[in-house]
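1. Okay, predicted coordinates and the sequence, questions at the end:
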Amino acid sequence: MGKTKNTKFKRPPFSPDGLAATPVKQAVEESEDEDSPAAELLDKLQSPSADVREYACASISRVVQQSQTIPGFLQRDAVRKIGPLLLDRSLVVRETAAGALRNLSACGGPEVCEDMVREDVLTSLSAVLRECCAGFDVTTSPVMKGQKNTVEDVTNEALNLLWNLCESSSTAVSVFNKSGLLDILLHCLQRHPQNMELAISAAHCLHTVTEENSELVRSVNAGVFGILDNILSTTHTSMEYTLLRTLAAGSLWNLKSSLSSAQQSQTLTALAATLSHCLILDAGVLIPELWHAESARLSKETTSATESDHTDERPAGHKAEEMEEDVRDEKMNGRKPKGQMSKTKSDISDLLPRDRVELREAKALMSAQQTSLEIIVNMCCSDEPSDDEWEEMSSSDESEVCADGVPDPKSSLFSPLCLSAELHTILLNHSIPQQVLKKAEFPSAAVLELCSKHPSWKCLLKKMHRVQCRALTCLHNILSSMDTESLGGASGLQAVALHLSTLVFSSAEVLKDDEFLEAVTSALRSLLQIMATKNIPQCMTPHQLMSFCEAATSCELVSVRVNALAILGITGSSLAKEKNTEDTLRLIGNALLNVAMKDINLVVCGEALDALFDVFADGDEAETAGKNINLLSSLKALQPGFKAKLRKEGRGKYSPDQLCVLDNIRINLKRFIGYLENLQRK
């Protein structure tokens, strides 16, 4: 078996020349005959009346939530027409124009963001950010409930647009670097005593643009680190400050290569402390407390409108933020955003109302914990070059294949521990592994019930789910990068295995959740391989193992199917060394053969074959089971088809690394058939 590469959360790369495909153009062609409000609204942008221009921008913000309307706007040069309004003489028009472009970028996805960058929206965006920041009144008091500071509101909308663009477009990041917009973000970041909302938007954007941005890293100075260190040193206990500190920690991690060795040591300790303080917060306790605090506050209000704000429909601001978060979440996982994410029918406004203090705090808590886990995931990654298609690769990694295509017998499942001794110690000293494991648990039933009952708090359900999935991914990386003793030895690993098994078999519904399956199969695969190498018994029964893998191998995600097959291979090869395991080995063998013969993806077929080689390579139990499932004749029957499919589809569908692995499996299949034939002759 090969090694598994640790997951890393990063902004997806884009080709320098723009779109990798033409979905936007195709959608435009398909929508030409549809009735669209685009023409009328875009005409109103030219009105001499500021009220009309504001109305048009606000209407566009609402309309583009329906994905089928976006091509109509793009076809009529909406970006070129809205962009100049970022510098309109009316601040309210500026704010609504920025909001319209922000929603267009969020609802349109990466292709639309690239289109917006090509339409030069960043020129106007940079100009309005500089102008607004120059107009900040440094003597203003903090923004209070219900108050608006129009200049800062414009800036906040513009920052969120910049964040969306930089997250989806490497060209936008390049423009960011050349335009010197880092100073703008730092200026906004320092406004946290006056305007936390603005500071958090700036912190999100900074966290994004500092990721794998060597040009920016080379340009940072002591002043940048001073600002971020000052934020880490704040002692405010609100959840929004927790989020701000977490985002600052993420930016510091991204910029760490600019620091000296001594500075890095001090910074890593501060980062781990920040992440630990965030993860130790118990959402199961805090969310009910925040909800009850909101109930108590609203009960004192005298207007029915305020009372209904707690019990009726969710604030409109949730929709825009959720859509952006969904798209970001999909991009982080390396998947295309799902269509339904941009097909919501409720109105979109840009931000949660300022008077929803408690709900904002709850959302900030969830966002902070998700971000903390993503930072730890990246901490537990090596600095090897990223592989865009790694998640689709067979477990027989290219590291096991020498230049001549011959397997390296000395290779192991994992690369050498990628954590420095210092970072390893720091993470352990702050109990990071234990906290990650705690976050991998399902949220308490009481919290789930509370959020399910109240529409405005229902958005937290998805956020809690994301935190759990991030924790599972984090656990996978920790298992891959820390030695066994650091994780509690044999008893510690068995406890983790029991924990993961409990999660997997808690209900039938979890086996239908692709994101959960991707995270839990990665963690379980890493854990079982470690336990197998240490001869530590696993805790899944044969029935549990087969039902779990049956669900996973039917998942649409290639990575989940590959993980499930690897788990079968790891378990089967361990069972082959034991007595009275022939029945279970037959079940595993039939399952692997079924996938090898029927799966449409060659990488998955290759993983199934690789697992078969491991399970039936040695042992009396394996030999008997192999004969009973007609393993030899089945492999002979599928061999010609596998070779033909590899020749026909290989170079067009798979990466060079994947082809190297698949060719190695083709060779091993021939050898394994020869091995089984020799056994039969005995």
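-> Cool, the structure landed.
2. Do a quick rundown of the helices in the stretch 351-500 of the chain.
-> Using DSSP state H, counting those that start in this stretch, the helices assigned to the stretch 351-500 of the chain run over residues 357-379, 421-429, 432-439, 445-453, 459-481, 489-504.
3. and the first one with helix 459-481, angle?
-> Orientation check (axes from the mean of the first three to the mean of the last three C-alpha atoms, to 10 degrees): helix 357-379 against helix 459-481 gives 20 degrees.
4. which other helices and strands contact helix 357-379?
-> Identification of packing neighbours for helix 357-379 by 3 or more C-beta pairs under 8 Å, 6 or more residues apart in numbering; DSSP states H and E yields helix 239-255, helix 261-279, helix 283-299, helix 421-429, helix 432-439, helix 459-481. For glycine as for every other residue, the C-beta is placed from the backbone atoms N, C-alpha and C.
5. chain center to the fifth one: distance?
-> Spelled out, it's helix 432-439. Distance of helix 432-439 from the chain centroid (C-alpha atoms, centre = their mean, to the nearest Å) equals 18 Å.
6. residues of it that come out buried?
-> Buried residues in helix 432-439, counted by 16 or more other C-beta atoms under 10 Å: 432-433, 435-437, 439.
7. so can I have a markdown table of the residues you listed showing pLDDT and distance to K44?
-> Rendered in a markdown table, the data for the buried residues of helix 432-439 read as follows (pLDDT from 0 to 100; distance: C-beta to C-beta, whole Å):
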| residue | pLDDT | distance to K44 |
| --- | --- | --- |
| I432 | 94 | 54 |
| P433 | 92 | 57 |
| Q435 | 94 | 53 |
| V436 | 94 | 52 |
| L437 | 90 | 55 |
| K439 | 94 | 48 |
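8. Using JSON lines, lay out those residues together with distance to R466.
-> Formatted as JSON lines, these follow (distance: C-beta to C-beta, whole Å):
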{"residue": "I432", "distance to R466": "19"}
{"residue": "P433", "distance to R466": "20"}
{"residue": "Q435", "distance to R466": "17"}
{"residue": "V436", "distance to R466": "14"}
{"residue": "L437", "distance to R466": "17"}
{"residue": "K439", "distance to R466": "11"}
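9. Tell me where the model's unsure across the stretch 151-300 of the chain.
-> By pLDDT under 70, the stretch 151-300 of the chain has no low-scoring segment.
10. related to what we said a few turns ago, need the helices of the stretch 351-500 of the chain in CSV (columns: distance to V175).
-> As requested, the helices of the stretch 351-500 of the chain are arranged in CSV below (distance: least, C-beta to C-beta, whole Å):
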stretch, distance to V175
helix 357-379, 25
helix 421-429, 33
helix 432-439, 36
helix 445-453, 40
helix 459-481, 30
helix 489-504, 43
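11. And this protein, what are its domain boundaries?
-> Annotated domains of the chain cover 8-219, 223-310+352-385+414-482, 484-682 [automatic domain parsing].
12. rank those domains by mean pLDDT and give me the bottom one.
-> Mean pLDDT is lowest for domain 8-219 out of the domains of the chain, coming in at a mean of 85.
13. follow-up on the earlier one: how about the helices and strands packed on helix 357-379, which one is nearest K363?
-> helix 459-481 (6.8 Å; C-beta to C-beta).
14. Show me what counts as buried in that closest one.
-> Of the residues in helix 459-481, those with enough neighbours to count as buried (16+ other C-beta under 10 Å) are 459-460, 463-481.
15. and if you look at stretch 209-221?
-> 209-211, 213, 216, 220.
16. same deal with stretch 361-370?
-> When burial is assessed from 16+ other C-beta under 10 Å, stretch 361-370 yields the following buried residues: 361-370.
17. what's the closest of these to G488?
-> Minimum separation from G488 among the buried residues of stretch 361-370 (C-beta to C-beta) is found for Q369, which lies at 23.0 Å.
18. That closest one contacts V436, doesn't it?
-> No - at 10.5 Å, Q369 does not count as touching V436 under the criterion of C-beta atoms under 8 Å.
19. Run through the helices of the stretch 1-150 of the chain in chain order.
-> 23-31, 38-44, 50-63, 70-75, 78-82, 91-118, 121-134, 150-168.
20. which other helices and strands contact the longest one?
-> Contact partners of helix 91-118 among helices and strands, from 3+ C-beta pairs under 8 Å, 6+ apart: helix 23-31, helix 50-63, helix 70-75, helix 78-82, helix 121-134, helix 150-168, helix 170-179, helix 317-332.
21. what do you get if the cut-off is 7 Å, keeping everything else the same?
-> The contact analysis (3 or more C-beta pairs under 7 Å, 6 or more residues apart in numbering; DSSP states H and E) places helix 91-118 against helix 23-31, helix 50-63, helix 70-75, helix 78-82, helix 150-168, helix 317-332.
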